[in-house]
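1. Coordinates for the following, if possible.
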Amino acid sequence: MKMLSKNIRFLRNSRNLTQTDLADQLGVQRTMISAYEDGRSEPKLLALNRISEIFSISLDELLHHDIQELGRRVLQPSQTKVLTIAVDAHDNEQITMVGQKASAGYLNGFADQEYMESLPHIKLPNLSSHLTYRAFEIAGDSMLPLVSGTLIIGSYLEHLRDIKSGKTYILVTITEGVVYKRVFNYLEENGKLFLVSDNEHYKPYEIKGEDVLEIWEAKAFISTDFPNPKDKAAPVTNEDLSKMILDLKADIIQMKKK
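-> The predicted model follows:
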């Protein structure tokens, strides 16, 4: 099975595991892992099941899907993801709104049609009809200048590989619940996402890719808090930081001349 050997090698490298590391987890000799990856031997069913558990991947995807070329097939490899949506009387999709108090229940009910229908729904103009949207109410001040109570309108992303580093996303996760962060994608390197707050007082942190249940790319926001010139400015970008350093060097040179 050419695809199997290629996938085992790719998944092992993506987790920064040596052949010995993987062999220890499977309870086999290192030479057996080398044989798997070279296509000289095939894992028995028990070993296949263990490999699928280690890398959180279905047997079908492991055996038949080119992960390196096409990326992971679904967010939750153990099951096909079916997105539950709400429609109006004319069968048009509506934007389901998940408030702060509803966030905890959303983790258990996002796949339940009855639960999703119980949540409030809104409509917004000028959004692409080809995308599915959901609105999440953020809590706290970790993403200033957007304040607590702001509604983030996100479009649904099916694959983790579609996350673009530096953009903001609503992530529905097993470990952190529903979070809105600026995300940096390191899945190919270590299988993790790096989550950063726009408020510098909050430390960045990592989560595993397999802990992500849903991804919603931020497209718009609704807030009752009007911009104020005295409010905190937007977060400093790398370009801003570089300019500040250059300006500081220029000031120092000028001071020395005087």
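2. quick check: domain ranges of the chain?
-> 2-70, 95-222 (automatic domain parsing).
3. Turn those into TSV, including mean pLDDT.
-> Below are these laid out as TSV (pLDDT from 0 to 100):
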stretch	mean pLDDT
domain 2-70	89
domain 95-222	89
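4. could the ones you listed be laid out in CSV, adding mean neighbour count and distance to Ala86?
-> Every C-beta, even on glycine, is put in place using the N, C-alpha and C of the backbone. CSV is the format used below for the domains of the chain (neighbours: other CB atoms under 10 Å; distance: least, CB to CB, whole Å):
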stretch, mean neighbour count, distance to Ala86
domain 2-70, 16, 29
domain 95-222, 17, 5
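5. now those domains as TSV including distance to Ile85?
-> Below are the domains of the chain laid out as TSV (distance: least, CB to CB, whole Å):
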stretch	distance to Ile85
domain 2-70	24
domain 95-222	6
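6. I'd like the next helix or strand past the helix or strand containing Met32.
-> Element membership for Met32 (DSSP states H and E) is helix 30-38. Later in the chain than helix 30-38, the nearest helix or strand by DSSP H and E is helix 45-54.
7. which helices and strands does the following helix or strand past that next one pack with?
-> Counting by DSSP H and E, the element after helix 45-54 in chain order, helix or strand, is helix 59-64. Judged by 3 or more CB pairs under 8 Å, 6 or more residues apart in numbering; DSSP states H and E, the packing partners of helix 59-64 are helix 2-14, helix 45-54.
8. So for Phe136, which of the ones you listed sits nearest?
-> Taking CB to CB, helix 2-14 is the member of these nearest to Phe136, at 29.4 Å.
9. So what touches that closest one?
-> 19, 21-22, 33, 36-39, 42-43, 51, 55, 57, 62-68, 187-191 (CB atoms under 8 Å, 6 or more residues apart in numbering).
10. angle of that helix against helix 30-38?
-> Calculated by axes from the mean of the first three to the mean of the last three CA atoms, to 10 degrees, helix 2-14 forms an angle of 120 degrees with helix 30-38.
11. hang on, the earlier thing: just so I know, which of the helices and strands packed on helix 59-64 lies nearest His159?
-> Nearest to His159, of all the helices and strands packed on helix 59-64, is helix 2-14, at 15.0 Å by CB to CB.
12. and the next element down the chain from the closest one?
-> Assigned by DSSP H and E, the successor of helix 2-14 is helix 19-26.
13. Packing partners of that next one?
-> Applying 3+ CB pairs under 8 Å, 6+ apart, we find helix 19-26 packed against helix 2-14, helix 30-38, helix 45-54.
14. Neighbouring strands - and their directions - for the helix or strand hosting Asn185?
-> Taking DSSP H and E as the criterion, Asn185 maps to strand 177-186. In the sheet, strand 177-186 lines up against strand 168-173 (antiparallel), strand 192-196 (antiparallel) (DSSP bridges).
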